[in-house]
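[1] Got a predicted structure plus its sequence, pasted below:
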Amino acid sequence: MRIGMSLNYSGGFAETVAEVGDLEKAGLDIAFVPEAYSFDAVSQLGYLAAKTTTIELASGIFQIYTRTPSLTAMTAAGLDFVSNGRFVMGIGASGPQVIEGFHGVKYDAPLGRTREVVEICRQVWRREKVEHQGKYYQVPLPAEKGTGLGKPLKLINHPVRERIPILIASLGPKNVELTAEIAEGWEPIFFHPEKAASVWGEPIAKGKAKRDPSLGELQVYASPALAIGDDVDQLLDWVRPTLALYIGGMGAKGKNFYNDLAVRYGYEEAAEKIQDLYLEGKKAEAAAAVPDELVRAVSLIGPESYVRERVAAFAEAGVTTLNVMPLAADRAGRVALIEKFRAICD
């Protein structure tokens, strides 16, 4: 089992990078830099590349609407170059709140756009002249849509790798099916090992049936909170507000992907209650309404023997990387926690 971790992107990045060096020595395999609506992830990934030597570096995630497909490919190739082949490109659709609310871009056709973005990126990395006449992207732009001066071009530089691993964050059945078909990796949110097969088994199987064997086995990145000890149960309450935010506050009634996931997990009544409370501004009450069973299932919080059992459950459900959120008060605590977790995973 590989170990990953998402980094803090809200500020103090120099301190975060210094900590990554310690985490790298402690056994961390891959570090993710998010890109929500804070600083961009690219500048920080480049900074990380210069300050680390072996750890893989991933975007977590590039939103498919905010860069052209060719720029996405150029950016990934550049990050792979400065990291000497250590970059993993995480992409995803994000949601309409961010895409339309912050970027002012229409949120439409996430499946079709994702497929075309991946196809164009791989053309760029192979240094082919980029020619793609899809439903959502036309490269070069047809004459009737522009000046008529566009012509097929290929990337000037030679990429370190002609196939940079692509990781797609996806939730819905059709999106997960697409991910299993075209991507090297899949990043689900709030992964419940015991419910994964019933919720995602069919779309994953459908996607894998169309998968190019050259992609290898689908890598699965789950993201549980982590705390190891005999007296850490109180830290379950640290997870509740995040679950409540996503299940209750992301999107609106009838348009919340995370609420839909909770329903598919079998928590329909709780999901409705959490959303109602959250949208009424009762965030503490919404967090308290998150079922204990769900909090425990999607986390790694408990004694070492319990965490070991849960790691085995995640592995049995197909997870290959646990992209953990260490619940510790300081840098030393997080590093110690990763060291302990490394011993469990080995």
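    Happy to help now that I have it. In this text the structure is predicted, and so the values were computed from the model without any measurement.

[2] what about the closest residue to residue 270 other than its chain neighbours, how many residues close to it?
    For residue 270, ignoring the flanking residues on the chain, the nearest one in space by Cβ to Cβ, 6 or more residues apart in numbering is residue 291 at 5.2 Å. Any C-beta I mention is one placed from the backbone N, CA and C, and that applies to glycine too. Per other Cβ atoms under 10 Å, the neighbour tally for residue 291 reads 18.

[3] and if you look at residue 213?
    When neighbours are counted by other Cβ under 10 Å, residue 213 comes out with 6.

[4] again, but for residue 246
    20.

[5] The nearest residue to it once chain neighbours are set aside and residue 124, how far apart?
    Leaving aside its sequence neighbours, residue 246 sits nearest to residue 258 (Cβ to Cβ, 6+ apart; 3.9 Å). Distance check for residue 258 against residue 124: by Cβ to Cβ, to the nearest Å, it reads 32 Å.

[6] So between the two, which is more surrounded?
    Using other Cβ under 10 Å as the criterion, residue 258 and residue 124 rank with residue 124 on top: 25 against 22.

[7] Check whether that one really touches residue 73, as I assumed.
    Yes: between residue 124 and residue 73 a contact is recorded at 3.6 Å, counting by Cβ atoms under 8 Å.

[8] what's the overlap in contacts for these two?
    residue 155 (Cβ atoms under 8 Å, 6 or more residues apart in numbering).

[9] host element of the closest residue to residue 288 other than its chain neighbours?
    Spatial nearest neighbour of residue 288, excluding adjacent residues (Cβ to Cβ, 6+ apart): residue 240 at 7.1 Å. For residue 240, the host element (DSSP states H and E) is helix 236-244.

[10] tell me which residues in that helix are buried?
    By neighbour count on 16 or more other Cβ atoms under 10 Å, the buried set for helix 236-244 is 236, 238-240, 242-244.

[11] Columns distance to residue 65 on top of those residues, output as a markdown table?
    Listed next are the buried residues of helix 236-244 as a markdown table, based on distance: Cβ to Cβ, whole Å:
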| residue | distance to residue 65 |
| --- | --- |
| 236 | 35 |
| 238 | 31 |
| 239 | 29 |
| 240 | 31 |
| 242 | 24 |
| 243 | 26 |
| 244 | 27 |
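
[12] residues in contact with residue 279?
    248-249, 252-253.

[13] among those, which ones are buried?
    248-249.

[14] Name all residues that make contact with residue 37.
    98, 102.

[15] Pull up the per-residue confidence for it.
    pLDDT for residue 37: 88.

[16] ditto for residue 9
    61.

[17] Looking at the buried residues of helix 236-244, which is nearest residue 95?
    residue 242 (15.5 Å; Cβ to Cβ).

[18] any weak-confidence spans in this protein?
    9-11 (pLDDT under 70).

[19] hey, where'd the strands end up in it?
    Listed in chain order, the strands of the chain (DSSP state E) span 2-6, 30-33, 56-59, 62-63, 87-92, 132-133, 138-139, 166-169, 185-187, 219-222, 225-228, 300-302, 321-326.

[20] Any idea which of those strands gets closest to residue 160?
    Across the strands of the chain, closest to residue 160 is strand 87-92 (Cβ to Cβ), at 8.6 Å.

[21] Packing partners of that closest one?
    The helices and strands touching strand 87-92, judged by 3 or more Cβ pairs under 8 Å, 6 or more residues apart in numbering; DSSP states H and E, are strand 56-59, strand 62-63, helix 69-82, helix 110-125, strand 166-169, strand 185-187.

[22] Residue 264: neighbouring residues, count only.
    By other Cβ under 10 Å, neighbour count at residue 264 equals 18.

[23] how far away is residue 243 from residue 297?
    From residue 243 to residue 297 the distance is 11 Å (Cβ to Cβ).

[24] again with residue 108
    33 Å.

[25] Give me the more crowded residue out of those two.
    Set residue 108 next to residue 297 and count neighbours by other Cβ under 10 Å: residue 297 wins out with 18 against 13.
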